[in-house]
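S.K.: Quick one, fold the following:
(one chain, ligands or ions: 1)
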Amino acid sequence: MEEEEAHLMPATPFFPLAGLHKYIAILLVVLSCVLVHRWSLRKQKGPRPWPVIGATVEQLRNYHRMHDWLVGYLSRHNTVTVDMPFTSYTYIADPVNVEHVLKTNFTNYPKGDVYRSYMDVLLGDGIFNADGELWRKQRKTASFEFASKNLRDFSAFVFREYSLKLSGILSQASKAGKVVDMQELYMRMTLDSICKVGFGVEIGTLSPDLPENSFAQAFDAANIIVTLRFIDPLWRVKRFFHFGSEALLAQSIKLVDEFTYSVIRRRKAEIVEARASGKQEKMKHNILSRFIELGEVGDDGSGGCGGGSFGDDKSLRDVVLNFVIAGRDTTATTLSWFTHMAMSHPDVSEKLRRELCAFESERAREEGVVLVPCGGPDDDKAFAARVAQFAGLLTYDSLGKLVYLHACVTETLRLYPAVPQDPKGILEDDVLPDGTKVRAGGMVTYVPYSMGRMEYNWGPDAASFRPERWINEDGAFRNASPFKFTAFQAGPRICLGKDSAYLQMKMALAILFRFYSFQLLEGHPVQYRMMTILSMAHGLKVRVSRAV
Ligand code: HEM
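M.R.: Sure thing, here's the model as predicted:
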């Protein structure tokens, strides 16, 4: 009987009924996994994560428009969590949460190891990438320099000179009917300015023949590639095999380093020369010389060449590059978005022009200056003389009177913050004021780009460019909480260069918008590029004409 039954049983495991219970069991396991997964997502505020890969696919699909993709989520929930393969990112836009991260529980939210590992190749141990004692020391040294009146006076002089150089280039372009890329010109102006003010070196990229600027190209490429690392799970593999974007990054960093070390060598040679000729006392201090000295005396003030952590050229290279990124890109992109906003809001540029003309007459009267006529369209000399006369009336104090200009710059930064998102590491598990739990090892990012567009922060016209929102009933500038207007960050790590940036931007814009009008080149696309700074992907191509 047994033998007979055995004969009737199939030899093959694929017989449809015999193993059915196994398939049903597998099906039940899969079904319960799906249900558990869906249950765990019921409170998910953000893109739907998938097992293992998290939200990588949705994020990659939206990478080119990531800031606006986040605006979509953050306008529905003011905190959003995006799961990634080995970590999760929490994005915040509510000022109460932002204050908690940037100030109240500051020590729990450093830059952190993850950010550091992505950015190390570009920023090294510089102030943007440092935490703890290393950060504190750099902050203290740099704050000392930023507080000096000498720096302010010298900056005002340099910013005026370089704004006039830019005006000269625009004047020639307007005569020749040439199209110019304003973003490129602003980048040249701000690079020359930070090198002169911060490191005492003249690099001349804004000279009239606009020389080839390989440093800038390499620096931008490096910045784009390190930003990509945040969402590219394969970047370490690519780096190991020296392949694709990581191979290009290595090449770009080589070029960037060559430029940076040459700046350091030049400054050191000047110091040696000044010491040899006994003119050391007369030498102007700047950010770089302060760090060189810090290295010479030692961090503990004990003396001894190279005794401190800033004694070697690699540390100085990190200082220089961090200040280039701080001083060049942020200011130049803000100037570019400002120009774009002014072109697309003729009522704003007209109101600004009226403020500048009224200012010119009043300041000329105050100083007893007789304004020279601008001359005809071909009279370059008369035009340049009038522009220079106007520039001479612009000082640190007098620029403070240009309230509408100040409001226009601030409104630009509200909608187009130069640092559109700023991630922080998480040291220990924590609960944000709105109840969101964040886990140690993850990242929490405050998002100035989204924050500026949220109706819950700015009211129903949040998305409109309206500089008047910054002016109170008495016509004075109206400040906003730095935890709501986060373009300069807030708390202990608030931007050190804010005043300097406003000084430079207002100096340049007062001259340009008093004497020129701009028109976007037909069909030119204006879009941001995904990198740490909100620069324009295709530059800002315009036609420029004299407006006198
Ligand atoms: C429109 C212009 C500017 C904007 C919007 C801006 C914005 C910011 C932001 C958001 C941060 C925080 C970055 C982070 O935590 O990773 C920052 C930090 C900083 N900024 Fe600015 N910045 C501007 C111009 C400048 C300029 C011109 C300088 C100096 C030349 C400067 C010097 C610094 C420094 C040294 C820090 C680091 C502060 C720290 O970590 O303690 N910034 N800035």
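
S.K.: which parts of the longest helix anywhere in the chain are buried?
M.R.: Secondary structure of the chain per DSSP state H: the longest helix is helix 244-276. If you call a residue buried by 16 or more other C-beta atoms under 10 Å, then helix 244-276 has these buried ones: 245-246, 248-249, 252-253, 255-257, 259-260, 263-264, 266-267, 271. For the C-beta atoms, the positions are set from N, CA and C on the backbone; glycine is no exception.

S.K.: What of stretch 377-390?
M.R.: Within stretch 377-390, the residues scored as buried using 16+ other C-beta under 10 Å are F383, A384, A385, R386, V387, Q389, F390.

S.K.: How about stretch 161-179?
M.R.: The neighbour-count check on stretch 161-179 (16+ other C-beta under 10 Å) flags Y162, S163, L164, K165, L166, S167, G168, I169, L170, S171, A173, S174 as buried.

S.K.: Name the residues that touch it?
M.R.: Defining contact as C-beta atoms under 8 Å, 6 or more residues apart in numbering, one finds that stretch 161-179 is touched by 180, 185-186, 189, 192-193, 196, 206-208, 210, 377-378, 380, 383-384, 387-388, 391, 507-508, 511-512, 515-516, 521, 541-546.

S.K.: Okay, S155 and A508: tell me how far apart.
M.R.: Distance, S155 to A508, using C-beta to C-beta, to the nearest Å: 12 Å.

S.K.: Could you check which of these two is surrounded by more residues?
M.R.: A508 (27 against 23; other C-beta atoms under 10 Å).

S.K.: Isn't the more buried one up against L335?
M.R.: Yes - the criterion here is C-beta atoms under 8 Å, and A508 meets it with L335 at 6.4 Å.

S.K.: can you list residues touching both of these two?
M.R.: Residues touching both A508 and L335 (C-beta under 8 Å, 6+ apart): Y186.

S.K.: ok, the buried residues of stretch 377-390 vs A501, which is closest?
M.R.: A501 lies nearest to F390 out of these, by C-beta to C-beta, at 21.4 Å.

S.K.: just checking, that closest one touches L512?
M.R.: No - judged on C-beta under 8 Å, F390 makes no contact with L512 at a distance of 10.9 Å.

S.K.: Tell me how far L534 lies from K314.
M.R.: L534 sits at a distance of 29 Å from K314 (criterion: C-beta to C-beta).

S.K.: Looking at those two, which is more packed in?
M.R.: L534 (24 against 13).

S.K.: Show the backbone phi and psi for the closest residue to the more buried one other than its chain neighbours.
M.R.: For L534, ignoring the flanking residues on the chain, the nearest one in space by C-beta to C-beta, 6 or more residues apart in numbering is P420 at 4.6 Å. For P420, the backbone dihedrals (degrees, to the nearest 10) come out as phi -70, psi -30.

S.K.: Would you confirm that P420 contacts M451?
M.R.: No - under the criterion of C-beta under 8 Å, P420 lies out of contact with M451, with a separation of 10.0 Å.

S.K.: Tell me where this protein has strands.
M.R.: Assigned by DSSP state E, the strands in the chain fall at 79-83, 88-92, 179-181, 422-425, 430-431, 437-438, 443-446, 516-520, 541-546.

S.K.: Any idea which of those gets closest to the ligand?
M.R.: strand 422-425 (5.2 Å; C-beta to the nearest ligand atom).

S.K.: Give me the distance from that closest one to the chain's centre.
M.R.: Centroid separation between strand 422-425 and its chain, computed with C-alpha atoms, centre = their mean, to the nearest Å, is 14 Å.

S.K.: Please see if it touches the ligand.
M.R.: Yes - using C-beta under 6 Å from any ligand atom, strand 422-425 reaches the ligand at D422.

S.K.: Who are the packing partners of that strand?
M.R.: Secondary-structure packing of strand 422-425 (3 or more C-beta pairs under 8 Å, 6 or more residues apart in numbering; DSSP states H and E): helix 112-123, strand 443-446.

S.K.: How about residues contacting the shortest one?
M.R.: With C-beta under 8 Å, 6+ apart as the test, strand 443-446 has contacts from 87-93, 97-98, 101-102, 109, 112, 114-115, 421-426, 432, 438, 486.

S.K.: Distance check, L185 against S262.
M.R.: For L185, the distance to S262 - C-beta to C-beta - is 23 Å.

S.K.: er, F241 I mean
M.R.: When F241 is compared with S262 (using C-beta to C-beta), they lie 31 Å apart.

S.K.: Next: L166.
M.R.: According to C-beta to C-beta, L166 stands 24 Å off from S262.

S.K.: next one: R543
M.R.: Distance of R543 to S262, computed by C-beta to C-beta: 36 Å.

S.K.: repeat for V180
M.R.: Distance, V180 to S262, using C-beta to C-beta: 28 Å.

S.K.: The spatially closest residue to P49 that is not a sequence neighbour and G442, how far apart?
M.R.: Spatial nearest neighbour of P49, excluding adjacent residues (C-beta to C-beta, 6+ apart): D83 at 3.8 Å. Noted for D83: a distance of 10 Å to G442, by C-beta to C-beta.

S.K.: Good, we can wrap up now.
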